[in-house]
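*Asks:* sharing a model prediction with you, sequence too.
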Amino acid sequence: MGIMRTEPYLWTTWLTKLLVGEESCEWGAWFKAHHQSYTKVPDSFDRTAWQMEHTALLMDIRGRLESQQYAIFLERQNHFTARGKQSGITIGGQPDLIATKGSYGLICDAKTGQPRPSDHIQVMIYMWAIPYALRQYSAMSLDGKVIYRDHEIEIPNSAINEPFINNLTKLIQRLGSSDPSRKVPSAMECQFCQIANSECPERIEYGGEQEKPAIDL
C-alpha cells in the first residue's frame, strides 16, 4: 500500500484530462495526491524514443525563439511548486520552455502526439500558476503556446478567465480533500492508469483484441 503524504500534492498533468472530460475517474488523481511509493503497473511505454523526439522538437522551438531575441528557459529551470494559503494543497509542474523579452513572457509546451484539448489546459494551468510560484514572472504578461510538429495553437492571457479558474480550483479542492473522490473504472481509462490492482481492486484489466466478445452479425 502506498505511503500517505503529509499534505496533498498535485502534479499539473494529473488535472488536465479531468478538466476537459478526457478522463472521468477523479479517484486516480486523488489517490496520487495523497499517496506516494505506491505499487504501479509495469510500463511498456517507450520513454527513450519519446524523449528523443520531444527533445528534438524542443530544440527546434528554442532555436526559432532565440532567433527572435527571446531569452530561453528550459524544463528544469521552469520547475515550480505553489502551496495554497488556506487549503495546504501543493501544485507542481514544469513547462517545457519559457521565453521572455522585456516584460513579456511566453510559456510553450512541445507535443509529439495527437492534439488533445488537455494539451491546451496544461499550458493554461502553467499560465495561471507560474506568476504565483516563480517570482520573476509575477509582473509579466504571460501568453501560452502548444507546439506540435506541424502546427501551433496560441493561448492568449485572456483565456485565464474566471470560469477557467473556478473550474480548476474546484477540481483541485476535490482532489485535495481528505474524502476520497469517486471511482469510475472503465477498460479505456484503466489501461492508461499506473495505479496497480493491489491499490485499486476495482481496476479493470484491459485485454485488447483477444478479450473482445464475438457478436453474430
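*Replies:* That came through, no problem.

*Asks:* give me the pLDDT for Phe45.
*Replies:* Looking at Phe45, its pLDDT reads 79.

*Asks:* double-check that it belongs to a strand.
*Replies:* No - the assignment for Phe45 (DSSP: H, G, I helix; E, B strand; the rest coil) gives coil, which keeps it out of a strand.

*Asks:* please shift the residue numbers so they start at 33 in all later answers.
*Replies:* Taking 33 as the first residue, the last one we looked at is Phe77.

*Asks:* check contacts around it.
*Replies:* Residues near Phe77 by CB atoms under 8 Å, 6 or more residues apart in numbering: none. C-beta: built from backbone N, CA, C; applies to glycine.

*Asks:* hmm, try it at 10 Å
*Replies:* Phe224 (CB atoms under 10 Å, 6 or more residues apart in numbering).

*Asks:* ok but Gly176 is inside a helix, no?
*Replies:* No - according to three-state DSSP, Gly176 belongs to no helix; its state is strand.

*Asks:* ranges for the strands of the chain?
*Replies:* 35-36, 41-43, 67-68, 103-106, 112-115, 122-125, 129-133, 136-142, 173-179, 184-187 (DSSP state E).

*Asks:* output the ones you listed in CSV, with mean neighbour count appended to each entry.
*Replies:* Listed next are the strands of the chain as CSV, based on neighbours: other CB atoms under 10 Å:
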stretch, mean neighbour count
strand 35-36, 9
strand 41-43, 19
strand 67-68, 14
strand 103-106, 16
strand 112-115, 15
strand 122-125, 20
strand 129-133, 20
strand 136-142, 22
strand 173-179, 21
strand 184-187, 14
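
*Asks:* ok, which of these comes nearest Glu221?
*Replies:* Glu221 sits nearest to strand 41-43 of all those, at 17.6 Å, using CB to CB.

*Asks:* what about that closest one, average pLDDT?
*Replies:* Strand 41-43 carries an average pLDDT of 98.

*Asks:* what is it packed up against?
*Replies:* Here strand 41-43 touches helix 58-66, strand 112-115, strand 122-125, helix 194-208, going by 3 or more CB pairs under 10 Å, 6 or more residues apart in numbering; DSSP states H and E.

*Asks:* low-confidence ranges, this structure, go.
*Replies:* By pLDDT under 70, the low-scoring segments of the chain are 238-245.

*Asks:* got the end-to-end distance for stretch 183-196?
*Replies:* End-to-end distance for stretch 183-196: 24 Å, by CA to CA, to the nearest Å.

*Asks:* now do the buried residues in that stretch.
*Replies:* For stretch 183-196, a neighbour-count test (16 or more other CB atoms under 10 Å) marks Ile187, Ala191, Ile192, Phe196 as buried.
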